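Participant: Mind looking at a prediction? Sequence and model below.
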Amino acid sequence: MTANILYVDDEPHNLSAFAATFRRMYKVFTAESAEDGRKILDTEDIQVIITDQRMPKTTGVEFLASILEKYPEPIRMILTGYTDIDAVIDAINKGQVYRYIQKPWMEEDLRINIDKAIEIYTLRKENRELTEKLLIANQQLEFIARQNLLS
């Protein structure tokens, strides 16, 4: 399965560079704003979201925090050229960010982080599915136990 990656950045050349670099490894979706990013999330099954922190209308942290309830599953990363410790703390606390990566990004480092994020996404999904199966099996066992007690 090829992973779907959403990259949100207000700078078109960053979006182009990202798409050109990673299009052979992943299915890349790009958006120039948080609003455009939300539209993609509404129509595509995204596993990893990477967003620039400093954008005109909405910061990356604000964007990630705003989609958390509706889209809790994707793994989140912030990509930025600024080192603002408050933004890092906000990213972790409010946006549930997996990684905070500095621009300019190194292709190999970013690819490794994306691959790790995909692995975490996959493991979480498998965990959710196994938990659901266990709950169903437990309910069935409880039903059988009640039936045996009644007979």
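Facilitator: Yep, that arrived.

Participant: Report the beta-bridge partners for Val8.
Facilitator: Note on Val8: beta-bridge partners Ala31, Thr51, judged by DSSP bridges.

Participant: Gln102 - how many residues pack around it?
Facilitator: Neighbours of Gln102 under the rule other Cβ atoms under 10 Å: 13. C-beta coordinates here come from the backbone N, C-alpha and C atoms, glycine included.

Participant: Quick check: it touching Met77?
Facilitator: No - when contacts are counted by Cβ atoms under 8 Å, Gln102 is not listed as touching Met77 (11.5 Å).

Participant: list the contacts for Arg128?
Facilitator: By Cβ atoms under 8 Å, 6 or more residues apart in numbering, the contact list for Arg128 is empty.

Participant: ok now the helix or strand it falls within, how far from the chain's centre?
Facilitator: Per DSSP states H and E, Arg128 falls inside helix 107-150. Put simply, helix 107-150 sits 18 Å off its chain's centre (Cα atoms, centre = their mean, to the nearest Å).

Participant: Ok, stretch 67-80 next?
Facilitator: Worked out by Cα atoms, centre = their mean, stretch 67-80 lies 4 Å from the chain centre.

Participant: Flag every buried residue along it.
Facilitator: Within stretch 67-80, the residues that count as buried by 16 or more other Cβ atoms under 10 Å are Ile67, Tyr71, Pro74, Ile75, Arg76, Met77, Ile78, Leu79, Thr80.

Participant: Using CSV, write down the CA coordinates of it.
Facilitator: Provided in CSV are the C-alpha atoms of stretch 67-80 (Å, rounded to 0.1, in the frame of the first residue of the first chain):
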residue,chain,number,x,y,z
ILE,A,67,-8.6,18.9,12.6
LEU,A,68,-7.8,16.7,15.5
GLU,A,69,-11.3,15.8,16.5
LYS,A,70,-12.5,15.0,13.0
TYR,A,71,-9.2,13.4,11.8
PRO,A,72,-7.5,11.9,14.8
GLU,A,73,-5.7,9.0,13.0
PRO,A,74,-3.1,10.7,10.7
ILE,A,75,0.4,11.2,12.1
ARG,A,76,1.3,14.9,12.3
MET,A,77,4.6,16.7,11.6
ILE,A,78,5.5,20.4,11.6
LEU,A,79,8.1,21.6,9.1
THR,A,80,9.5,25.1,9.7
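
Participant: Thanks a lot, see you next time.
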